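Engineer: What follows is a predicted structure for the sequence shown.
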Amino acid sequence: MTVAWVCVKCGKAAGVMRECDDEALRFNPWGDDDSDYRVLSNRMVCTRYSHECAICFDSIPPGVTARAQREVCDRRAKTFYFCPNCCHAMRRTCRARTEDDELAVERRRYVAGRILAERRVKS
């Protein structure tokens, strides 16, 4: 499946999405969450500004291709961005040939949790 993705900076079609990007977009980043949210859009974008990854909390610099998922919950909309490394982990988890692949995203969440805990201790 090939789908054109849109550059956030200029609003024009920036290229053709690769098959592996489609795998990252199919991955549910929230797992079996039972909250009542609705996905408005889910696409690969070229970031215009820096953002924080919703999984690992790393900074996503401007000009990087990242996943952007816009959701609405309780009548409030929010866009979640996912860095290229987490998108790669999503692809590995979707393909899941080994146990290591199945846990790729969970490992990124675990490391992010440890980093956040260390930041809290220092402040």
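Structural biologist: The structure has been received and is ready for your questions.

Engineer: State the distance from Pro61 to His51.
Structural biologist: Distance, Pro61 to His51, using CB to CB, to the nearest Å: 9 Å. The way it works is simple: take the backbone N, C-alpha and C, and place the C-beta from them, glycine included.

Engineer: Looking at those two, which is more packed in?
Structural biologist: His51 (21 against 12; other CB atoms under 10 Å).

Engineer: so what's that one closest to, chain neighbours aside?
Structural biologist: Leaving aside its sequence neighbours, His51 sits nearest to Tyr81 (CB to CB, 6 or more residues apart in numbering; 4.1 Å).

Engineer: who touches that neighbour in this structure?
Structural biologist: Counting by CB atoms under 8 Å, 6 or more residues apart in numbering, Tyr81 makes contact with 47, 51-54, 60, 66-68.

Engineer: Residues in a beta bridge with it, which ones?
Structural biologist: Cys53, Ala68 (DSSP bridges).

Engineer: Report the separation between it and Arg70.
Structural biologist: In terms of CB to CB, Tyr81 sits 10 Å off from Arg70.

Engineer: what does Cys53 give?
Structural biologist: Relative to Arg70, and taking CB to CB, Cys53 is found at 16 Å.

Engineer: Can I get the contacts of Tyr81 in CSV including pLDDT and distance to Val39?
Structural biologist: Listed next are the contacts of Tyr81 as CSV, based on pLDDT from 0 to 100; distance: CB to CB, whole Å:
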residue, pLDDT, distance to Val39
Thr47, 89, 19
His51, 95, 18
Glu52, 93, 19
Cys53, 92, 18
Ala54, 91, 13
Ile60, 92, 20
Ala66, 91, 16
Arg67, 93, 12
Ala68, 94, 11
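
Engineer: burial count for the residue nearest to Tyr49 when sequence neighbours are not counted?
Structural biologist: Leaving out its chain neighbours, the residue that sits closest to Tyr49 by CB to CB, 6+ apart is Pro62, at 5.7 Å. Residues contacting Pro62 under the criterion other CB under 10 Å number 12.
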